[in-house]
Every structure is written in structure tokens, then in C-alpha cells.
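Chemist: prediction below, plus the sequence it came from.
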Amino acid sequence: MRIKTLAALAVGFGLPLAAHANYSTDFSGLTSGQSVDGQDGWTATGAWDEEIVDIGGDLKWRLSNAVTAGSFGDMPFTPAFAPTAGETTATPAAGANIFEAEFSFQSATGAAQNGLAITISPDNGSGARLSYINITDSGSGLDVGFYDYDSTQPTVGPFTNFQFSTLASGLDYSSAHTLRIAIFFAEGPSKNPVDPATSPNDVVMVWVDGALVHTGSTWEQYYPENQPGTPGPYSISQLLFRVSGTAQPALSGGGLLFDDFAVSTQAVADVAAFNALMAPPPAPPAAGSSSDAAPIPTMGVWSLGLTGLSLLGLAGLQQRRRPR
Ligand SMILES: [Ca+2]
Ligand SMILES: [Ca+2]
């Protein structure tokens, strides 16, 4: 398992995420033809339609929603690591306030797959989803969707207090695409009536194929507003890949191929530092201009302690009212 437990400096969008990831994999060395469960720290204990596949010598992870369920903890998860990212009062105690993840995805068949739907969420390994991306097949390409949760805003889509956005549509079946998500966890509840000046929202940014396509917030307020018995806040280090809703048995052996994962947590002083890290790198100097180097971004040194890997028991989480 390629997990680094410490990073000396905070680093951002100007460098490939894999260069500072706590966990990264291109699936080299894993066993093809078998579930990812138990390989390289991944878990996927349910009987899902997923396996490591060898595509011309390049190992990738295939997942479809041929088999689905309403569960969480037995779905596929990337490896857990420390420090987790979240608020300082989160469970488990967070040692970082930024979570980042990126990976590639592509059609496993190169053709339309009716009913294909896979969701991806930053998660604590037990189903405390703090954001939500879905990849679906429109019949003419792959679409990427996103749910925000904000009870102070009008509902968009079928789930009360959630706001759905289409982030990309019609992505071609013949090539790999990239998804990147970054979260900054701001101390305190995200939403009103908290004064946003003193308790700013958590920030979620999503990129598809390198382009920033959404800036929103986390689901942190879902839990206290809907599940007072398990209000959070939670801290995370994993991605959940969830196959729920109506099973699509015709997709067995197909679905999506995922590859080139990088997952990172790091600590910065505040949201301004996060925004600076996530800003695109400065454009290269025009030909013929002076050779002055671009300014070096301020780097935030780790200031928070490491945490253990213990995860919450969240068996009591209710699933009502959330996107599936
Ligand atoms: Ca690979
Ligand atoms: Ca917060």
C-alpha cells in the first residue's frame, strides 16, 4: 500500500496530486480477475460486480451497478489513512482540513450502457458521506452530476434540501476522463443561522478533465438537521463507490473502468490558504519575456497532530431523504 503518513508541506493544484498523495495507485501489482477487496487496502465486502481487469497490460478497476443495495459499509472504499480531514471537533479527531482525491474513469464497453449509475462520495468508511458525485450514461455519453445540501436554499432535484447540478455531460465512451474533488473543512456548521463571516462554509470544488466545473459545500449540515442522534461532524480519508437503486443485471461485466487514484489530506491555516492552493498555476511566461520565476506559493506547515485510524460505528445512520 503506497501510503505516506506524513507530508512536510502543504502543496496544491500546481503539482500533480499524485506527487503529494497519502495514497496513490495505478493498480500495478494487484491480481486481475479478482475483487479489489483486500487488495492494497481497498475494501468491498459485498458481492458487487467489480474486479481488477487487465487492459492490454494496464491494470484497472471495473465496477458496474449490475448488483446494487441500499447499504454503505460493504460498498467499495479506497484505503483509510491518517491523518483524516475534517473539523478539529470531528470524530475521529482530524489532523487535516483539506481532502483531495482524483482518478480516471472510462466506459468499460466503449458503448452506451442503459441504466449505468455509480456514485462517488468522500466518506469516513461507514457511510457518512460528505459530498456526492454520480456518473451516469445518457445513451449518448457519460454524465457527471453533483448534489449539494443546503436547507436554506431551494431544493433542486427530487431530494428535499438537496441541490442537484450537472457538472459534465456527453463525455465520450472511447477515452478516459478525470475527476478531481477537493474539500476544505471550515470550523463550525456550514449553514445559516451561523454568521458566514465568522464560520464560513465548507468548500467543495470539483474538476472534470482538468476544468473546474463546480464550487459548492459539503453535506455536513445534513447530519445535525436530519440525524440528531449522529450529528457529526465527521472526518474522512476515503472515497466510497456506491451502487444503489435499481440493479442493472445487463451491465454485468461492464460499467466503468477506474484508474490512477491519488488521495490526499493536508492542513492549512484557513480557507484563503486553501483557495490559494487550488488556484490554477500561473500561465507560463510568454516567449521572449524575462526569465523571472513565477512567485512561489506560501506553504502551510503541518500544525495539527496525527490521528488514529479508528472509525465511528455509524450503524444507526438513517438513509431517508438522501440521494441514493
Ligand atoms: Ca492502471
Ligand atoms: Ca464546517
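Modeler: Received, thanks. Residues are numbered from 1 along each chain as shown. Ligands and ions are numbered 1, 2, ... in the order given.
Chemist: partner residues bridging the residue nearest the centre of the chain?
Modeler: A centroid search over the chain (Cα atoms, centre = their mean) returns residue 122, at 4.2 Å, as the residue closest to the centre. Per DSSP bridges, the residues bridged to residue 122 are residue 239.
Chemist: so it touches residue 242, yeah?
Modeler: No - the pair residue 122 and residue 242 fails to qualify as a contact (Cβ atoms under 8 Å) at a distance of 12.0 Å. Placement of C-beta: from N, CA and C, glycine included.
Chemist: gap between the residue nearest to the centre of the chain and ligand 2?
Modeler: 14 Å (Cβ to the ion, to the nearest Å).
Chemist: contact partners for that residue?
Modeler: For residue 122, the contact set (Cβ atoms under 8 Å, 6 or more residues apart in numbering) comprises 99, 101, 129, 130, 131, 181, 183, 236, 238, 239, 240.
Chemist: distance of it from ligand 1?
Modeler: Separation of residue 122 from ligand 1 (Cβ to the ion) stands at 22 Å.
Chemist: same check on residue 268?
Modeler: With distances defined as Cβ to the ion, the gap from residue 268 to ligand 1 amounts to 31 Å.
Chemist: what pLDDT does that residue get?
Modeler: Residue 268 is assigned 95 on the pLDDT scale.
Chemist: what's the neighbour count on it?
Modeler: Look at residue 268: counted by other Cβ atoms under 10 Å, it has 23 neighbours.
Chemist: then residue 89?
Modeler: Residue 89 has 12 neighbouring residues, counting by other Cβ under 10 Å.
Chemist: again with residue 276
Modeler: Around residue 276 there are 17 other residues, counting by other Cβ under 10 Å.
Chemist: which of the three states applies to it?
Modeler: helix (DSSP: H, G, I helix; E, B strand; the rest coil).
Chemist: just give the closest residue to whichever residue of the stretch 201-324 of the chain sits closest to ligand 1, not the sequence neighbours.
Modeler: Proximity of the stretch 201-324 of the chain to ligand 1 (Cβ to the ion) peaks at residue 259, 4.3 Å away. Leaving aside its chain neighbours, residue 259 sits nearest to residue 60 (4.4 Å; criterion: Cβ to Cβ, 6 or more residues apart in numbering).
Chemist: pLDDT score assigned to the one you found?
Modeler: Predicted confidence (pLDDT) at residue 60: the value is 98.
Chemist: pretty sure it sits against residue 27.
Modeler: Yes - with contact defined as Cβ under 8 Å, residue 60 counts as touching residue 27 (6.1 Å).
Chemist: any shared contact partners between those two?
Modeler: When Cβ under 8 Å, 6+ apart defines a contact, the residues bordering residue 60 and residue 27 alike are 52, 259.
Chemist: what's the closest non-adjacent residue to residue 89?
Modeler: Of all residues not flanking residue 89 in the chain, residue 233 sits nearest, at 6.3 Å (Cβ to Cβ, 6+ apart).
Chemist: dump the residue contacts of the one you found.
Modeler: When contacts are taken as Cβ under 8 Å, 6+ apart, residue 233 is in contact with 86, 87, 89, 90, 91, 185, 220, 223.
Chemist: please apply the same query to residue 49.
Modeler: Taking Cβ under 8 Å, 6+ apart, we find residue 49 in contact with 63, 64, 65, 66, 67, 243, 251, 252, 253, 255.
Chemist: which two from those residues end up farthest apart in space?
Modeler: Spanning the widest gap among the contacts of residue 49 are 243 and 253, at 14.1 Å by Cβ to Cβ.
Chemist: and these two? Which one has more around it.
Modeler: A side-by-side neighbour count of residue 243 and residue 253, using other Cβ under 10 Å, places residue 243 first with 26 against 13.
Chemist: ok, and the closest non-adjacent residue to that one?
Modeler: Closest residue in space to residue 243, ignoring its immediate chain neighbours: residue 65 at 4.1 Å, by Cβ to Cβ, 6+ apart.
Chemist: can you count the residues close to the closest residue to ligand 2 within the stretch 1-150 of the chain?
Modeler: Here the residue of the stretch 1-150 of the chain nearest ligand 2 is residue 87; by Cβ to the ion that distance is 5.5 Å. Neighbourhood size, residue 87 [other Cβ under 10 Å]: 20.
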